[in-house]
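Participant: got a sequence here, can you build the structure:
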Amino acid sequence: MATQRLILGSGLAILLAISAASIGLDVRARNEVDSVDRTLGILKKISDMRPLLRGSESAARGFALTGDASFTDEYREQSTALTTAFDDLIAAVQSDPDEARLLADAKTQVDRGVALGAELIRLRNAGDAAGIAALISGSESRTVMDKIGSALERIVAEERRLLAVRSEQSKNNGRLLLAIDLAGVALILVLATVMTLTTRRSRRELQDSLTATQATNVSLEAKVAERTKDLAAALEEARRSTAVMETTFHSMAEAVLVIDGTGTVLLSNPAAEKMLRYKPGMTLQNLRGLSTVFTADGVTLMALEDMPSARALRGEEYDGLEFIARPVRGGRQIHIVVSGRPLRDAEGQITGAALVYHDITASREIEHQLQQSQKLDAIGKLTGGVAHDFNNMLTIITGTTETLVESLRDEPQLARTAELIDRAAERCRELIQHLLAFARRQPLEPRTVDINGTVLDIAKLLRPTLGEQIEINSALSADVANVHIDPSQLANSLLNMAINARDAMPDGGKLLFETSNIDLDEAYATANPGVAPGRYVLLAVSDTGSGMSQAVQDKVFEPFFTTKEVGKGSGLGMSMVYGFVKQSGGHIKIYSEQGHGTTIKLYLPPARGQVVAEAAATAPVPRGSETILVVEDDALVRNYVTAQLASLGYKTIAAPDSRAALAIVDKGEKFDLLFTDVIMPGGMNGRQLADEVAKRRPGVRVLYTSGYTENAIVHHGRLDEGVLLLAKPYRKALLAKMIQQALGSGPG
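Facilitator: Down below sits the predicted model:
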C-alpha cells in the first residue's frame, strides 16, 4: 500500500511535475508564438513602408518635373503615411535597444528625405529650374534612400535571425514534449500532440506570412518598374521640350531678363550681354550702374519707381516702354523699348518679373534723319513763299529809289539818303536770292561743267581771300566726269564753304578740295532718306578746323542759323549750298568731329553721256572665309558692313566702340583683320585702337574706314602714309577689293 502510495505519490508527483513542465513549456511556446507574431508584424510594417518611401520621392520628383498638382497631393499623403508607419515601427521595437537606435537614425534620414521632397516642390513653385536640376542631379536624395534602405534591411535581417532562433527553440520544445509524452503516458502524449499541432500551425502561419511578403515584394517591384518607365518617358519628353525652349531663348535677338523680387537676375540670354552689357552674376542694381537712364526724350532722368523692373514688380503689365541708356564711361547711347510682365506663385503673390528689351536705336536714327529732311523741306517751302513776297515788294522799293535818286540830283544830301536806301534794297535782294537758293526756287542755268577746272579756278581766287595762314591743296581725279549744274552757283557754294572753313581755323590750317567718281548704293540710300542710288561726281571740301558738334550739324543747313558772333554772319551760306545741291538733283553730307575738322561732300549729277560704266561691274567680286572684327559706332553702318561681309563669305565680330573691341580681343576671340572707323566716341580713335590691338596681337592686319576722304585723313596727320583707308560711302565691290588687299598686305 505504501508502495502504491509511493508509486501513486511518485506518479502524482511525476504527473504534477509533467503538468508543471507542460505548463512551463506551454508558456514558453506561447511566448515564442507572440515573438513570431511580433516579428511578422515588424516585417509587414517594413514591407508596407517601402512603397511609401518610393511613392513620396516619385511624387516630389514628378511635381518638380511636370508641375502637375496631383503629384503634390500624392506627396503629402505618402509623406504623412510614411511618418505614421515609421512611428508605429519605432514603437514596435522599443524592447530591442539596438533596433530602436537603428530606427531612430533611419527616422532622421526619412525626415531628410521628406524635406528634400518638400524642397523640390518649393523650387518648382518658385520657378527655379536651375535649383531643381541641381537637386535632382545631386546624390543626396539617393544617399538618403540608401541609408533608409540599409537600416530597414538590417532590421529585417535581425528579425529573420530571431525568427530562425525561435523556430529552432520551438523544435527543441517539441522534442522535449515528445519525451515527456513517452514517459508521462496519455496526458503528456495529449499535451505533446497539442504542442506539436500548435507548433505546426505556427510554422504554417509563418510560411504563409513569408509567402505573402514575397508576393508583396514582387508586386511592389512591378509597380516600381512601371512607375520608373513612365517617369523615364516623362523625363525624356521634358528634356526635348526644354531643349527646344533653350534653343529658342538663346537665339532671340531681343534681350531677356528674368528677375526675382529683389532684382536678382535668375535667367538671361546672350542678347542681354550684347545689348545691355549684362554679365552673369550681376543684379539689376549693378546693371543700372553701367548707364544713366533717361526717358524717351533723352533729357529727363527716369525715376527709380518708373524703371521697367520696378513697374513689373508692382504688378504692372506693359509694352512699348521707351528709354535711353547712356553709358557712364563713354560709348554710344542706345534707344530701347521694353515689355514687362510680373511673375506670380500659386497664391497669386508676385515673386519676380520677366523683361524683354528691343534695341530701336537704328530706327530712331533713321526717323531723326527723315525728320531733319522734312524739317528742311518745310522751312524751304516757307522761306520760298516769304522770299517771293519780299521780291514783289522789293521790286517797288528798288524802282522807287531809282526815281528818287534821279529826281534828287540837285539836292546832294537827300540824294545820298536815297542812294543808301537803294544799296540796302540791293542787299535785301541778295539775301532773298540766298533764301530762294535754299528753297530751291532760284532760276538755275545748268550746263555741262568741267568740275576740276572750276575747282582750280576757285582755288586761285581763294588764296588772297583766305590768307597765307590757310594752306590750300587739291586732289582731283583725272577721269572725273563733267557735271550738269549752274557754274555760278557752284562757285558761290565753294566760296561759302571755304569761308566757313577759314573761320573754323583762326590760327591757320589746311583746306583740301577733292573730286572723284562715286556710286551710292541702295544701302546708303536707305540710311539717308531722299537720296536716289546711282552714279555721282563727288566734290569734297575738308578742313583741319575746330569741327562741329552733333547739335550744330543738325541745324547747319537751316536759314539764319550761325555759330558766329552777331554781325559776322547771316547764316545763309550753308543753307544756300544745301538748296543749290538739292535743286540740282544731288546730295550733300557732312562729316565732322569736334577738334578733328570737317569734311563736306557734295554728290553732284554727272552730265549726260559722261557716266562711264564700272570696270569692276563685269569682274567677279572677290570673296573670302576669314574672320573680321568690325568696329563702327554708327549702328546702321555697322549692320550694313556685317551683312555685306557675310554675303562675301566672311565671318564677322561686331563692336560699337574701342572699349568693346578691346574686351573682345582680351577674351581671346580669333580674327584675321581689324576693320575700324577712324573717328569714334569714347576717348580712343581707330588708330589708337589698332595700336592697342597690335600690342596684344602682334602682326594684326588693319583696314581703316572714315567719312573723311583719304587725303584729308593723311593730311590731318591722323594716319601714317601707306595705311589702307576705305572712304565712306563705298560699294560692295570696293569693300571686297579693299578687304582682300588688307588681308594680303601684311601687318597694319
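Participant: quick one: the helix or strand hosting residue 464 to chain centroid distance?
Facilitator: Residue 464 belongs to helix 451-466 when assigned by DSSP states H and E. How far helix 451-466 lies from its chain's middle: 54 Å, per CA atoms, centre = their mean, to the nearest Å.
Participant: the residue nearest to residue 494 when sequence neighbours are not counted: neighbour count?
Facilitator: Once flanking residues are discounted, residue 494 sits nearest to residue 458: 4.7 Å by CB to CB, 6 or more residues apart in numbering. Where you see a C-beta, it was placed from the backbone N, CA and C, and this is true even at glycine. The number of residues packed near residue 458 is 19, by other CB atoms under 10 Å.
Participant: ok, now residue 420?
Facilitator: Residues near residue 420, counting by other CB under 10 Å: 11.
Participant: for residue 160, same thing?
Facilitator: If you count neighbours by other CB under 10 Å, residue 160 ends up with 13.
Participant: and for the one 5 residues further on?
Facilitator: Close neighbours of residue 165, defined as other CB under 10 Å, add up to 12.
Participant: for my notes, confirm it occurs in a helix.
Facilitator: Yes - counting by DSSP: H, G, I helix; E, B strand; the rest coil, residue 165 is part of a helix.
Participant: now it: how far from residue 172?
Facilitator: 11 Å (CB to CB, to the nearest Å).
Participant: can you tell me how far residue 197 is from residue 418?
Facilitator: Residue 197 is 156 Å from residue 418, where distance means CB to CB.
Participant: which of the two has more residues huddled nearby?
Facilitator: Neighbours were counted for residue 197 and for residue 418 using other CB under 10 Å; residue 418 has more, 21 against 10.
Participant: if you drop the residues flanking it in sequence, what lies closest to that one?
Facilitator: Nearest one to residue 418, counting by CB to CB, 6+ apart, is residue 404 at 4.1 Å.
Participant: surely residue 60 and residue 115 touch.
Facilitator: No - at 10.2 Å, residue 60 does not count as touching residue 115 under the criterion of CB atoms under 8 Å.
Participant: compare these two (neighbour count), which wins?
Facilitator: Shown here are residue 60 and residue 115; by other CB under 10 Å, residue 60 has more neighbours (28 against 12).
Participant: need the contact list for that one.
Facilitator: 71, 75, 116-118, 120-121 (CB atoms under 8 Å, 6 or more residues apart in numbering).
Participant: apply 7 Å and report the result again.
Facilitator: For residue 60, the contact set (CB atoms under 7 Å, 6 or more residues apart in numbering) comprises 75, 117, 120-121.
Participant: which strand or helix spans it?
Facilitator: For residue 60, the enclosing helix or strand under DSSP H and E is helix 2-66.
Participant: dump the residue contacts of residue 638.
Facilitator: Applying CB under 7 Å, 6+ apart, one finds that residue 638 lies in contact with 630, 632, 654, 656.
Participant: so what's it scoring on pLDDT?
Facilitator: You'll see residue 638 listed with a pLDDT of 83.
Participant: residue numbering should commence at 23 henceforth.
Facilitator: Sounds good: first residue 23 from here, last item residue 660.
Participant: centre of the chain to the host helix or strand of it, how far?
Facilitator: Using DSSP H and E, residue 660 sits within helix 657-669. Put simply, helix 657-669 sits 20 Å off its chain's centre (CA atoms, centre = their mean).
Participant: would you mark the buried spots in that helix?
Facilitator: Across helix 657-669, burial judged by 16 or more other CB atoms under 10 Å covers 657-664, 666-667.
Participant: count the residues that sit near residue 294.
Facilitator: Using other CB under 10 Å, the number of residues around residue 294 comes to 24.
Participant: measure it to residue 119 for me?
Facilitator: For residue 294, the distance to residue 119 (CB to CB) stands at 61 Å.
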